[in-house]
Structure formats: structure tokens, C-alpha cells
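Visitor: output the structure for:
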Amino acid sequence: MVFPNLTTIKVRGTRFIMELLSHDMVRTKKPLKILHIINNDFSGISLHNRDKVIEATTVTADLAVNAEVDFSGNRLPVTKNAIIHFAAIRNCRFLSLRDDEFQDYVSTSYIFQNFTYLETLDLSNTFMLKSPGSFAGLPKLRKLLLAGNDFEDLTFANIFEGSKSINLEELDISYNGLTFLPKGLKNIVPSLRRLRLAGNKLNLEKVGYFINYVQSQQFTAFPKLQLLDLSRNKLETFAGSMLSHVLTLETLNLGCNYFRNIHKGFFSDLPQSLRVLNLSMCYNLTK
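Guide: Below is the predicted model:
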């Protein structure tokens, strides 16, 4: 059956038991504005064919410029062939692969450099490789979500090499086990409004080093930052003066760290723009 005016397809919470979806499964008369395949169960098809689901979908979909493409929550493998066919969805505005998994051998270098319309990219919990230039290009990107990828160390592979994301407003690299913040961030921080760093292994010295480094490269570090989340890190003390120049800061989350004594120095020189300060304690913290 053909629906000549169909521009939206949503498949959510479905268990697939067929061996492979048809290559014509998303053929439409008009370009799709929304393609959502979210939180489905593909365990009923073979591993071999499960590898091809994202590839087959991207190849057959006729997408409108600024379309939304959401594959999140399916736990599908992101293979080399799937990435090769990403060219078919390069004009999308929104792309999510959250909770799908890049295969161990798949490099992510420069895979999004031709996504000139993309504004939101969610690669949380995808175990993507730390490949140089993973986020090259992307001139319209406003939100980049990378939580839960076990990056640990980004000091050697500059994933932001070649980035043109001068309008990036939100960056989430929470729960990656980071001990250092990558210097490659310095080129995108001027536009950031929300920076989420929760659940890493950052201490005051390392956070301060990064902020001072950015400050030395630019007249003002974080001139637009409104939210900074440093909760669940390795902070044992804090110095408000470190953020004194962030005159737009409204929310600072320092909860669930290792503070023993909170003294006046914590708050001295924090910007007067601050509205929310979270110092909540958490039990059962382990170093």
C-alpha cells in the first residue's frame, strides 16, 4: 500500500522477528521529515542481519532537508557499511544513535563532515572510538551529546580536529572517566551555554588548568556559559575565583564530590549572575 502524502514514520517499542526488513520498508512518494525507529527489540533476527538494519534503512530512506532521524535505544551495531551509507542522511537536522554500538574496528574520523544541516547529534552510550576529526565540519551543530562512551583519555586523539561548530551551545561528555579535559575543546567553548562534565575523574587542578589554558588562548573563556555540571567528579576542594570571569554563569553543580570542609573560599569571586548552586552530598562515594 502506498500513502502518497506520508512524511512521518515512527516505530517504537516493537519486537522484530523477521530475518531482515525489506529494502523498500521506508520507500515513500514524498521525502520523509521524521524517521523514528526507537527502543525496539531486534533480538529476534540473526546477528548477521541485525548488522544491516541501520545500513538498509539509511540507503532506502528519502529524507527531506532538515529531517529528524532517530535510531536510539535499539542496541543495533553501527558497522563500517552503515557509516559508508551515512551520505544518504547527510541533510538531516537531528540524528540520534544513542545506545546503539559502534563496532570495535569502525573509525569515526570525519564521518560527519558533510552533515552541513545537522543541529543535534546524540552519540551517548555508543562506545565510539576516539578517532581524530570525529566531529570535523558540522557548521550548524548546536547540541552534541557524548555521555557514557568510556573515552578516559582524549589528550592524544583530537576528536574535535577540523570542527567548524562555532555555534555549539550544549556539550555533554559526562560519565567518560576523563582525567583531563581535551585541549581540542578550546575552539568550541566560545559559544557554549551548557557544559556537562558529570561522572568523570576531574579534580580542581585539572579543571583549573583547562580553564586557564583556554583563557590564555582567548580574551575570555566561556563568554556565554550558563550551566556547568561538575558533579560526581574527584573534587576535594573548589575555588570560586576560577569562574570569576564567567559572567553569564547561572547554574553550577558541584554535587556528589569529595568535599570535606566547605569554607568561604568556595564561594569567593563566583559571578553575581549565579542563581543555582548544588553542593549536595552523596553517600558511599569511593575513590
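Visitor: from here on, contacts and neighbour counts on C-alpha atoms
Guide: Noted.
Visitor: any regions of the stretch 1-150 of the chain where pLDDT drops low?
Guide: Applying pLDDT under 70 to the stretch 1-150 of the chain flags residues 1-2, 18-27.
Visitor: which residue ranges of it form helices?
Guide: 47-50, 53-60, 80-84 (DSSP state H, counting those that start in this stretch).
Visitor: of all the ones you listed, which one is nearest D99?
Guide: D99 sits nearest to helix 53-60 of all these, at 13.3 Å, using Cα to Cα.
Visitor: who does the closest one touch, helix- and strand-wise?
Guide: For helix 53-60, the elements it packs on are helix 80-84, judged by 3 or more Cα pairs under 8 Å, 6 or more residues apart in numbering; DSSP states H and E.
Visitor: please report how far S231 lies from N257.
Guide: 6 Å (Cα to Cα, to the nearest Å).
Visitor: then T126?
Guide: From T126 to N257 the distance is 26 Å (Cα to Cα).
Visitor: quick one: buried residues of stretch 238-248?
Guide: For stretch 238-248, burial by neighbour count (16 or more other Cα atoms under 10 Å) applies to 238-239, 242-243, 245-248.
Visitor: give me the contacts around stretch 89-105.
Guide: 58, 63-80, 112, 114-129 (Cα atoms under 8 Å, 6 or more residues apart in numbering).
Visitor: give me the phi and psi for G265.
Guide: phi -60, psi -20 (degrees, to the nearest 10).
Visitor: can you give me the strands in this structure?
Guide: According to DSSP state E, the chain carries its strands in the segments 8-12, 32-38, 63-70, 77-78, 94-96, 101-102, 120-122, 143-145, 170-172, 194-196, 227-229, 251-253, 276-278.
Visitor: got a markdown table for those strands, with mean neighbour count and distance to A87 too?
Guide: Formatted as a markdown table, the strands of the chain follow (neighbours: other Cα atoms under 10 Å; distance: least, Cα to Cα, whole Å):
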| stretch | mean neighbour count | distance to A87 |
| --- | --- | --- |
| strand 8-12 | 13 | 20 |
| strand 32-38 | 20 | 16 |
| strand 63-70 | 21 | 11 |
| strand 77-78 | 22 | 14 |
| strand 94-96 | 20 | 13 |
| strand 101-102 | 22 | 17 |
| strand 120-122 | 21 | 15 |
| strand 143-145 | 20 | 19 |
| strand 170-172 | 20 | 24 |
| strand 194-196 | 21 | 29 |
| strand 227-229 | 19 | 34 |
| strand 251-253 | 19 | 38 |
| strand 276-278 | 13 | 42 |
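Visitor: not counting sequence-adjacent ones, nearest residue to E55?
Guide: A82 (4.2 Å; Cα to Cα, 6 or more residues apart in numbering).
Visitor: where in the stretch 151-287 of the chain is pLDDT low?
Guide: 183, 213-221, 283-287.
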